[in-house]
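*Asks:* let's see this in three dimensions:
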Amino acid sequence: MAIPKVVFFTNLTGDYRNMVTDQVPSGWSIVSESIDLDEDQQIELVKDADLILLWPGRVSDRVLQAAEKCRLIQLLSAGYDRMNLKLASDLGIPVANNGGANSVAVSEHTIMLILSLYRRLIHYSSYVKGQDSGPEANRRIDVFEFEGKTLGLIGIGNIAQKVARRAKGFDVEIQYYDKYSSISVSDETTLGAKSVELDELLKTSDVVSIHVPLTSETYHMIGRRELDLMKSNALLVNTARGGIIDEEALMESLKNGGIAGAGLDVLENEPPSLDEPLRNMDNVIVTPHTAGPTLESLPKRAINSFHNMQRVWNGEEPLWTAKFDTPD
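*Replies:* Sure, this is the predicted structure:
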């Protein structure tokens, strides 16, 4: 029986890379190299690759075209916006993302951003570390409670549902908008969530949290019009992809009091430049696209990935096949 060859391009190093390669099925061959390897060297490696594993999810068009034997490109990430999905489709190579593996991590990060904004965590931590913590710090009642607020989820996939489950414990009202997906009446009851139109969600939510993939349709779906619909005391949280928000419109809204604050794990340009305005705004918390990777989620991603590759190697259809509609 033939032994499948997996080529793994990644920016993971040391023990983190081993956490992935340790999950390779017995008897399989895996070649693990840096994602920044010279393009010609990558081409030599993929020429006879049966399966390609990626973190982050990007290879050049030349590398894709050279992977003539490849049966599947498997991403360790849930996001697939860095891949040329049209070219992969034209070449007959399915691309699978990693559904659900990071949903616990991202949902926890989402709740953390909400609470950190409401309780002004960064401000007060910096105050204590920067100077003597006098009683004046405790006299400022400019923090808020999450309880009793309305949480609006844009998207109702794995991550959003876990956010809803965690938020329910704070006794909040939960509503969601999803153009393409829905959950059963039973699940809505369990989550305490109701489906509403996007404009209604924006108008009535105290916290709006984004949980949709970046596609040609969702690119800048939150722009000036949408931000103008939101409450002036509302928060916007994004742990999905930066391009979903028009950042220029967001900065204007934050500066002018259109909304109260934003918690962003993702930006349109990553890493951001040193003069990126969102980095230095008092009503914004920015984290460096770290919501998903955890010591617990990385092995889950690897297990999911190799399970999916085994399916394809055995002649079955891959799970979590990415849609071919990302923006140019």
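
*Asks:* residue 277 and residue 259, how far apart?
*Replies:* Distance of residue 277 to residue 259, given as C-beta to C-beta, to the nearest Å: 15 Å. For glycine as for every other residue, the C-beta is placed from the backbone atoms N, C-alpha and C.

*Asks:* of those two, who's got more company?
*Replies:* In terms of neighbours (other C-beta atoms under 10 Å), residue 259 is the more surrounded of residue 277 and residue 259; the figures are 20 against 15.

*Asks:* can you pull the contacts of the more buried one?
*Replies:* Applying C-beta atoms under 8 Å, 6 or more residues apart in numbering to residue 259 gives the contacts 227, 230-236, 253.

*Asks:* state the pLDDT value of it.
*Replies:* Residue 259 is assigned 98 on the pLDDT scale.

*Asks:* secondary structure element for it?
*Replies:* According to DSSP states H and E, residue 259 maps onto no helix or strand at all.

*Asks:* that one and residue 268: what is the separation?
*Replies:* 18 Å.

*Asks:* could the contacts of residue 259 be laid out in JSON lines, adding secondary structure and distance to residue 313?
*Replies:* Output for these, formatted as JSON lines (DSSP: H, G, I helix; E, B strand; the rest coil; distance: C-beta to C-beta, whole Å):
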{"residue": "227", "secondary structure": "helix", "distance to residue 313": "47"}
{"residue": "230", "secondary structure": "coil", "distance to residue 313": "48"}
{"residue": "231", "secondary structure": "coil", "distance to residue 313": "51"}
{"residue": "232", "secondary structure": "coil", "distance to residue 313": "55"}
{"residue": "233", "secondary structure": "coil", "distance to residue 313": "53"}
{"residue": "234", "secondary structure": "coil", "distance to residue 313": "48"}
{"residue": "235", "secondary structure": "strand", "distance to residue 313": "45"}
{"residue": "236", "secondary structure": "strand", "distance to residue 313": "43"}
{"residue": "253", "secondary structure": "helix", "distance to residue 313": "49"}
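
*Asks:* show me where the stretch 51-200 of the chain has its strands.
*Replies:* 51-55, 72-75, 95-96, 150-154, 173-177, 193-195 (DSSP state E, counting those that start in this stretch).

*Asks:* so for residue 210, which of the ones you listed sits nearest?
*Replies:* Among the strands of the stretch 51-200 of the chain, strand 150-154 comes nearest to residue 210, with 4.9 Å by C-beta to C-beta.

*Asks:* what mean pLDDT does that closest one get?
*Replies:* On average, strand 150-154 scores 98.

*Asks:* likewise stretch 102-110?
*Replies:* 96.

*Asks:* now it, how far from the centre of its chain.
*Replies:* 9 Å (C-alpha atoms, centre = their mean, to the nearest Å).

*Asks:* so which of the strands of the stretch 51-200 of the chain comes closest to residue 295?
*Replies:* So among the strands of the stretch 51-200 of the chain, strand 51-55 is nearest, using C-beta to C-beta, at 15.0 Å.

*Asks:* give the pairing partners of the closest one; include direction for each.
*Replies:* strand 5-10 (parallel), strand 72-75 (parallel) (DSSP bridges).

*Asks:* how about those in TSV, adding mean neighbour count?
*Replies:* Listed next are these as TSV, based on neighbours: other C-beta atoms under 10 Å:
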stretch	mean neighbour count
strand 5-10	22
strand 72-75	26
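
*Asks:* would you turn the ones you listed into CSV with distance to residue 61 and mean pLDDT?
*Replies:* Output for the strands paired with strand 51-55, formatted as CSV (distance: least, C-beta to C-beta, whole Å; pLDDT from 0 to 100):
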stretch, distance to residue 61, mean pLDDT
strand 5-10, 15, 98
strand 72-75, 13, 97
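
*Asks:* now those in a markdown table, with distance to residue 116?
*Replies:* Output for these, formatted as a markdown table (distance: least, C-beta to C-beta, whole Å):
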| stretch | distance to residue 116 |
| --- | --- |
| strand 5-10 | 30 |
| strand 72-75 | 29 |
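
*Asks:* no further questions, thank you.
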